[in-house]
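S.K.: predicted coordinates and the sequence they were generated for:
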Amino acid sequence: MRIHNFSAGPATLPAQVLEQVRDELLDWHGAGMGIMEMSHRGKDFTGVIQQAEADLRELMGIPGNYKVLFLQGGATLQFAQIPMNLLGGRSADYIVTGSWSKKAYKEAQRFGDVRLAATTEAAAFTRLPRGDELKLDPHAAYLHVCTNETIHGVEMFDLPDVPEGVPLVADMSSHILSRPMDVSRYGLIYAGAQKNIGPAGLVIVIIREDLLDKASAMTPSVMNYATMAENGSMLNTPPTFGIYLAGLIFQNLKAQGGLAAMEQANSAKAKRIYDAIEASGGFYRNPVERSCRSRMNVPFTLANPALDAGFLAEAAERRLSGLKGHKSVGGMRASIYNAMTLEGVDALVDLMQDFAARKA
Ligand SMILES: *Cc1c(COP(=O)(O)O)cnc(C)c1O
């Protein structure tokens, strides 16, 4: 019996998709072998990657002047790959709103001139910067944001006012596909797969074509967006199994009604947990400003941290796992990606209410 897995990532995947993977593992569509065992150059796998890209384009409404790349190295490699490909000897702006954008900002400093356009670290990353706090360079090579901070539970619902001509680069690792996004507002979107897409090892980059020719000369070929785009993400062997599984997830999302339907489901799930926190009279607390509370990652603390271990033990008894908060924030964190069911969320809310009633 499967548990309710609230892990921040690698994270839960839809049981239906995993069952299909199991059924196809040894013999994919009568090929007599599984996806992991077949050549990435053969017509079977070529069909798989093309279908995955077409489905992702349809789901996200990706315009024709954007390339979709299936890469490796996780979102963390993108922290380096982005400046290598986009800086072009200029400077770039970073908005730091939590641990992940801070890491991206730090890593980019190896490659050239990067500016801190704003940071909310002084507010313990519990809010987004206001417009008047942004010091944006109108000549920046790009402006980098993390649109969902997985650790701090801060989500960007409104984008900053980006200076005309400056490409917006977004780390969407932990909320891509959770709701419709207007891809045309971004120069580059990237996301590691293991939060809301599929298995770790795959990272998806969506890049506007005019940004493809700016890589520094020392950029390795497998890290060069233009080279990877020219080769259909197959300059070398791509992460075939991850691409196949991602493709099944895209089909599953389409069958559920696409991203508008996911947004409805995700806001309903998040609302139940935030409401339970608000109704607890301070027993549970989420420190993030209401307007930017994440629908994917809900961190919360117990007023009395001595009760943390008991809460987690009772969670385990109820088959709820992955709720321990990130060490930098403490307390709990419920990651409720697309694949987390409403049933799982209700089981968590039941525990929260029941636990508070007994221990308050
Ligand atoms: C998980 C995560 C990362 C890092 O992903 P890796 O695949 O471990 O490199 C980066 N950014 C965000 C927002 C994340 O949630």
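M.R.: Alright, I've got the coordinates.

S.K.: any idea how far Arg318 is from Asp350?
M.R.: Distance of Asp350 to Arg318, given as Cβ to Cβ, to the nearest Å: 8 Å. For glycine as for every other residue, the C-beta is placed from the backbone atoms N, C-alpha and C.

S.K.: now Glu53
M.R.: Distance from Glu53 to Arg318, by Cβ to Cβ: 40 Å.

S.K.: same thing with Thr301?
M.R.: From Thr301 to Arg318 the distance is 20 Å (Cβ to Cβ).

S.K.: please say which of the two ends up with more neighbours.
M.R.: A direct count of neighbours by other Cβ atoms under 10 Å for Thr301 and Arg318 places Thr301 higher, at 18 against 14.

S.K.: so that one sits in a helix?
M.R.: No: checked against DSSP: H, G, I helix; E, B strand; the rest coil, Thr301 lies outside a helix; its state is strand.

S.K.: for it, which non-adjacent residue is closest in space?
M.R.: Spatial nearest neighbour of Thr301, chain neighbours left out: Gly331 (3.3 Å); criterion: Cβ to Cβ, 6 or more residues apart in numbering.

S.K.: contacts only, for that neighbour.
M.R.: Pro299, Phe300, Thr301, Leu302, Pro305, Asp308, Gly325 (Cβ atoms under 8 Å, 6 or more residues apart in numbering).

S.K.: export the residues you listed to TSV and tack on distance to the ligand and pLDDT?
M.R.: Formatted as TSV, the contacts of Gly331 follow (distance: Cβ to the nearest ligand atom, whole Å; pLDDT from 0 to 100):
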residue	distance to the ligand	pLDDT
Pro299	13	98
Phe300	18	98
Thr301	20	98
Leu302	24	98
Pro305	25	96
Asp308	23	98
Gly325	15	96
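
S.K.: are any of these buried, and which?
M.R.: For the contacts of Gly331, a burial check counting by 16 or more other Cβ atoms under 10 Å picks out Pro299, Phe300, Thr301, Leu302, Asp308, Gly325.

S.K.: those residues: which two are farthest apart?
M.R.: Using Cβ to Cβ, the buried ones among the contacts of Gly331 span at most 12.7 Å, a distance reached by Pro299 and Asp308.

S.K.: joint contacts of those two?
M.R.: With Cβ under 8 Å, 6+ apart, Pro299 and Asp308 have common neighbours Gly331, Met332.

S.K.: for the ligand, what are the nearby residues on the chain?
M.R.: Taking Cβ under 6 Å from any ligand atom as the contact definition, the chain meets the ligand at Gly9, Gly74, Ala75, Thr76, Trp100, Cys146, Thr150, Asp171, Ser173, Ser174, Gly192, Lys195.

S.K.: in what helix or strand does the first one lie?
M.R.: No secondary structure element spans Gly9, as it lies outside all helices and strands (assigned by DSSP states H and E).

S.K.: show the contacting residues for it.
M.R.: Thr150, Ser173, Ser174, Gly192, Gln194, Lys195, Ala200, Ser335.

S.K.: what is the neighbour count of the residue of the chain found nearest the ligand?
M.R.: Proximity of the chain to the ligand (Cβ to the nearest ligand atom) peaks at Gly74, 2.6 Å away. Gly74 has 17 neighbours, counted by other Cβ under 10 Å.

S.K.: ok, it to Val203 distance?
M.R.: Going from Gly74 to Val203 by Cβ to Cβ gives 6 Å.

S.K.: intersection of neighbour lists for these two?
M.R.: Shared contacts of Gly74 and Val203, defined by Cβ under 8 Å, 6+ apart, are found at Gly192.

S.K.: rewinding a little: backbone phi and psi for the residue nearest to Thr301, please?
M.R.: Gly331 has phi and psi values of phi 60, psi -140 when expressed as degrees, to the nearest 10.

S.K.: please tell me how far it sits from Thr126.
M.R.: 13 Å.

S.K.: same question, Ser328
M.R.: According to Cβ to Cβ, Ser328 stands 13 Å off from Thr126.

S.K.: again with Val145
M.R.: On the measure of Cβ to Cβ, Val145 and Thr126 end up 17 Å apart.

S.K.: more crowded one of the two?
M.R.: Neighbour count, other Cβ under 10 Å: between Val145 and Thr126, Val145 has more, with 25 against 18.

S.K.: and the pLDDT for the more buried one?
M.R.: Reading off the confidence values, Val145 has pLDDT 98.

S.K.: ok, then the element right after whatever helix or strand it lives in?
M.R.: Assigned by DSSP H and E, Val145 belongs to strand 143-146. Heading C-terminal from strand 143-146, the first helix or strand you meet, by DSSP H and E, is strand 148-149.

S.K.: which SS state does the residue nearest to Glu58 when sequence neighbours are not counted fall under?
M.R.: Leaving aside its sequence neighbours, Glu58 sits nearest to Lys254 (Cβ to Cβ, 6+ apart; 7.0 Å). Counting by three-state DSSP, the backbone at Lys254 sits in helix.
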